[in-house]
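> heads up, no residue letters with this:
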RNA sequence: GCGCCCGUAGCUCAGCUGGAUAGAGCACCGGACUUCUAAUCCGACGGUCCCAGGUUCGAGUCCUGGCGGGCGCACCA
C-alpha cells in the first residue's frame, strides 16, 4: 500500500479553511534497493566507461527497436569524431574488450551499434525475484526524501456542478501526487476551492432576491446554478442587479460577518458536501481543502509586500505590475481593481507566498487547464520581478481542454456534460456487462463501479496532458482495447491464475527460471517500471504510466494466451506463477498510482 | 492583429528528451473458447509523420517561415 493511502485525513472529514499536516513519508519507505534492471545497465555503463575512457554520465544506453538485436544498445556515432574512426569499426573494436569485462552479458557489434544481451535465465531470476521481494512497493524509492512537493489540484468553483472538464485536474493532479509519494517525497495536495470573487456577489444577490422560492438543502448545486443563470439573464434588462451583485461582493470582501457572509458560508458548505461524494468515488483525498477566502487576511500583506518591492504602478486607476519587459504585448498583472477589490491573481500570489513560507517546496505544481497559461506566466513574471529565486519552482502543469464535438463547454449555456452523469452511466454499463459475462460474481454493483469509474479515470489519463479531448460517450464508455478495463481485466486474470494454482496446491516449489527465460521482452518491460515512475513524476505526466501499462498488458495477455501455468512440471509451474505474480504486482501498483481500482475478479 | 499550445494510418493516440525497418487501439476483413476470465489472443488491411527550407554522419523528434485547428490577450475566475 502506497504512502498516499496512509494519509490520515480524507476530504470528507475536512472543513473549509482547515489546516492539515502534509503527508509523512512512510517510515519503512521503499527499500533503497537498486532495481534489478539498474544492476545490469550499471554494469554495462561501467564497462563502457572503462573501455572508452569516457565519463559514465556521458554515455547513454537505448533500447533497440527490434528486440532480436539485444536488450540494450549503445550507438557508436558520437565516438566517431573523437576517435576519428568509422562507427562500425569502433563498435567492432569495443566489442572484444567489453565481452571480457561483462559476465553474463553478451556483447555484439551490429554495424554502428553495440548490442547487449543479458543471459536469459539470470535476467528472469533477477527481475522476478526483485519484484516479488518488493511486492506492493516495487518501483517505489526514497529519492525524494526530505523534499516537499505542493500540488494544487481539482479546484472546482462552489455552486457549480463538476463537469467532465473538472475531472482532468482532479485525476491528473492526484496521480502526480501518488507518483511523488511513491518516490518518497513529502506531498501536499491542496484543493484550492473557487469560493471568492464577484460571481459570488451575484449568487448572494440572487439568493437574497429569490431565495425564498427554492429549497437549497435538497439538491443544492443545481438549484444554485439555476439561480446564477437566471441572474445572468435578468441582469441584461435590469442594471440594478449588476449593482446589487457588486455591492454584495464588496460586503463579502469587507470582512463584515453579516447576512451576506452567512449566505456565502451556507453555499460553500453545501457545495463541498456535494463535491466530497465525487471525490470519494474517485478515491481522491486532499491534505488541505482551502477556499480562496482563506487568503483573505493575507491579501493586504501580499499587496504591501509587492508594493514594497518597488515594482507596482497605478495604471488606469488600478494597481498593477507591468510585465512589458517580458513581452511588448504582455498585459500587466492587476493586483487591485479601481474599486479597491482584489482579483484572482492577487489571491494566487497570496497563496503561493503562503505555501512557500509553510513548505519551502521543491516544486509547487498547479494542475490547471491550458486556458490559464497566460495567468500563470504573469504570476511567475511577478515573482521574477520581485527577485525571488524560487520562482522556477512554481510550475503550471497545464492540460488540454475537454470539448464537446459541437464546441466549448459552457455551464451557463447548458452545453455541458456533468461528471456525476458520466460516472453513473459508466458504472451502470460496466455492471451490466459483468452480470452478462460473469454471472457468479458476488457483488456486481461494487465491481461495476470499480470498472466503470476506472474506465473514465484511465481514459482521462491516457493521452499526453496537453492534448485537447473531444468528449464522446462512445469513448468514455469503451471497455475494450486501450482502456482502463483492459488493464483491470489483465489484473483480474492474473489474480485468477494465482487463485487456481494455489487452490491446486501447485507453484510453491523451486522455480526453474529457464522455463520463463524466453519471455525476455515481457521481463525487460517489467524491469522498466521503476524508471517509468521516475520519469512520469519528473515530467508530471501520468500518461507515461498509462501508456506503459497498456503496452505491458498487451505483452502479458499475449503470454497468458500462449502458456499455461497450471499443471506443468513443478519447477515450470512455479516459475510461471512467479512471472504471473510479478506481472500482477506491476499492473496492480501501476493502477494504484493512477487511482484506478485493480479488481481481483471482474 | 499579437502571443501560447497542438498537427503521425479513415478515427483516437504512442514513438523512450536526435539513432537501426515509424508502432498500438478503434473501425473493416479472416481465424482461435471441452483446458488458469474471449472485456482476451492470432492474422490481414491501413503512412507525402501538415507544407517548405535549414542544422546534422543521421530529423516524426531541433531551428526558421508558412498552413490548419484550439486557447488566450488589464480591472471575470
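Sure thing, it's come through. Keep in mind that what you see is a predicted model, and the values were worked out from it rather than measured.

> pLDDT at whichever residue of the stretch 151-300 of chain A sits closest to RNA strand B, what is it?
RNA strand B sits closest to residue A:197 of the stretch 151-300 of chain A, with a gap of 2.5 Å, by C-beta to the nearest atom of the strand. In short, each C-beta sits where N, CA and C put it, glycine included. On the pLDDT scale, residue A:197 is placed at 79.

> Now for it: which residues touch it?
Going by C-beta atoms under 8 Å, 6 or more residues apart in numbering, residue A:197 touches A:249, A:292, A:343, A:344.

> Okay, now the unreliable bits of the stretch 401-550 of chain A?
Within the stretch 401-550 of chain A, no range satisfies pLDDT under 70.

> mind listing the helices for it?
Taking DSSP state H, counting those that start in this stretch as the criterion, the stretch 401-550 of chain A carries its helices at A:419-437, A:444-461, A:473-476, A:484-503, A:520-538, A:543-562.

> Skipping its backbone neighbours, what lies nearest residue A:216 in space?
The shortest distance from residue A:216 to any non-neighbouring residue, by C-beta to C-beta, 6 or more residues apart in numbering, is to residue A:223 (5.9 Å).

> hmm, I was thinking of residue A:104
residue A:119 (4.2 Å).

> and the residue most central in space within chain A, what element?
In chain A, the residue lying closest to the centroid (C-alpha atoms, centre = their mean) is residue A:175, at 2.7 Å. Using DSSP states H and E, residue A:175 falls within helix A:164-182.

> who wins for proximity to residue A:396 among the helices of the stretch 401-550 of chain A?
When those are compared by C-beta to C-beta, helix A:520-538 sits nearest residue A:396, at 15.9 Å.

> what's near enough to touch residue A:98?
Counted by C-beta under 8 Å, 6+ apart, residue A:98 has contacts A:47, A:48, A:51, A:107, A:114.

> Ignore what I typed, I meant residue A:555.
Counted by C-beta under 8 Å, 6+ apart, residue A:555 has contacts A:521, A:522, A:525.

> pLDDT at it, what is it?
For residue A:555, pLDDT reads 97.

> For RNA strand B, see how far away it is.
8 Å (C-beta to the nearest atom of the strand, to the nearest Å).

> With neighbour count and distance to RNA strand B added, can I get the contacts of residue A:555 in CSV?
Formatted as CSV, these follow (neighbours: other C-beta atoms under 10 Å; distance: C-beta to the nearest atom of the strand, whole Å):
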residue, neighbour count, distance to RNA strand B
A:521, 14, 11
A:522, 21, 11
A:525, 21, 11
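
> is the helix holding residue A:175 up against RNA strand B anywhere?
No: Helix A:164-182 stays clear of RNA strand B (C-beta under 7 Å from any atom of the strand), getting no nearer than 11.3 Å.

> Can you pull the residues of the stretch 201-350 of chain A lying near RNA strand B?
Contact residues, the stretch 201-350 of chain A versus RNA strand B (C-beta under 7 Å from any atom of the strand): A:292, A:315-318, A:320, A:327, A:329, A:331-332, A:334, A:337-339, A:343-344.

> next one: phi and psi at the residue in the stretch 451-600 of chain A positioned nearest to RNA strand B?
Residue nearest to RNA strand B within the stretch 451-600 of chain A: residue A:481 (2.2 Å; C-beta to the nearest atom of the strand). Phi and psi for residue A:481, reported as degrees, to the nearest 10, are phi 80, psi -140.

> pLDDT below threshold where in the stretch 101-250 of chain A?
Ranges of the stretch 101-250 of chain A meeting pLDDT under 70: none found.

> Deepest-packed of the helices of the stretch 401-550 of chain A, please.
Stretch with highest mean neighbour count among the helices of the stretch 401-550 of chain A: helix A:444-461 (a mean of 24; mean count of other C-beta atoms under 10 Å).

> quick check: angle from that one to helix A:164-182?
90 degrees (axes from the mean of the first three to the mean of the last three C-alpha atoms, to 10 degrees).

> now the strands for the stretch 101-250 of chain A?
Listed in chain order, the strands of the stretch 101-250 of chain A (DSSP state E, counting those that start in this stretch) span A:105-110, A:113-118, A:148-153, A:186-193.

> Nearest to residue A:233 among the ones you listed would be which one?
strand A:186-193 (26.0 Å).

> tell me how far that closest one is from the chain's mean position?
13 Å (C-alpha atoms, centre = their mean, to the nearest Å).

> what packs against that strand?
In terms of contacts (3 or more C-beta pairs under 8 Å, 6 or more residues apart in numbering; DSSP states H and E), strand A:186-193 is packed against strand A:148-153, helix A:164-182, strand A:288-291, helix A:344-359.

> Which elements pack onto the shortest one?
Counting contacts by 3+ C-beta pairs under 8 Å, 6+ apart, strand A:288-291 is packed against strand A:186-193.
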